[in-house]
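In: Generate coordinates for the sequence data below:
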Amino acid sequence: MKSIEELKRIMDELNLSPEQVSQFIGCSGKQIRRWIANESVPSLISRRAIQEGIKKIRKTFRDEYYERSVKDRDLYRKLKKKITLEEKDWLLDCAHDYSLYRKRLHMLAKKYRIDIPK
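Out: The predicted structure follows:
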């Protein structure tokens, strides 16, 4: 289900727990876990609440996400001068998954002893 996939992606990107997300949707963290694990399917009302919750999460975390992405872009600019072509391919191979991209970016920064912005 598209809304659950989008919810999972946002949770991963922003490192949010089901309990944190549940406050935006108006349900329990346990229910969110069930949806993510495909143990239950959200009702039409719940799907609407999920979409509204996603909008609220985006609005709440927009500035934080933007700031983080700017810092990651600056980190990549520093790294791209030092990493090998294979490392660059390895890093950019997961660009569709921002949380994995970030982990790999930070791994390479540690390897090359480049400070990771807070």
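In: Quick check: which helices or strands does the helix or strand containing Ser46 pack against?
Out: For Ser46, the element it lies in under DSSP states H and E is helix 44-79. The helices and strands touching helix 44-79, judged by 3 or more Cβ pairs under 8 Å, 6 or more residues apart in numbering; DSSP states H and E, are helix 2-14, helix 18-25, helix 98-111. Where C-beta positions appear, they are placed from N, C-alpha and C, glycine not excepted.
In: Return the most buried member of those.
Out: The highest mean neighbour count among the helices and strands packed on helix 44-79, using mean count of other Cβ atoms under 10 Å, belongs to helix 18-25: a mean of 18.
In: which residues touch the following helix or strand past that helix?
Out: Downstream of helix 18-25, the next assigned helix or strand under DSSP H and E is helix 29-36. Residues outside helix 29-36 that contact it (Cβ atoms under 8 Å, 6 or more residues apart in numbering): 1, 4, 7-8, 17-19, 21-22, 25, 39-42, 46, 50.
In: 6 Å - rerun?
Out: With contact meaning Cβ atoms under 6 Å, 6 or more residues apart in numbering, helix 29-36 is reached by Ile4, Lys8, Pro18, Glu19, Val21, Ser22, Ser40, Pro42.
In: Need the per-residue pLDDT for the last one.
Out: To tie it back to what came earlier, the one meant is Pro42. Confidence at Pro42, expressed as pLDDT, is 96.
In: Return the per-residue confidence for the spatially most central residue of the chain.
Out: Computing the C-alpha centroid of the chain and ranking residues by Cα atoms, centre = their mean puts Glu13 first, at 0.9 Å. What the model reports for Glu13 is a pLDDT of 80.
In: How about the one 10 residues further on?
Out: We have a pLDDT of 95 for Gln23.
In: Next: Ala95.
Out: So Ala95 comes in at 69 (pLDDT).
In: again with Gly53
Out: Reported pLDDT for Gly53: 95.
In: That one contacts Gln23, correct?
Out: No. In terms of Cβ atoms under 6 Å, Gly53 does not count as a neighbour of Gln23; the distance is 8.6 Å.
In: ok, the closest residue to Lys82 other than its chain neighbours to His106 distance?
Out: The shortest distance from Lys82 to any non-neighbouring residue, by Cβ to Cβ, 6 or more residues apart in numbering, is to Tyr112 (4.9 Å). Going from Tyr112 to His106 by Cβ to Cβ, to the nearest Å gives 11 Å.
In: Lovely, talk soon.
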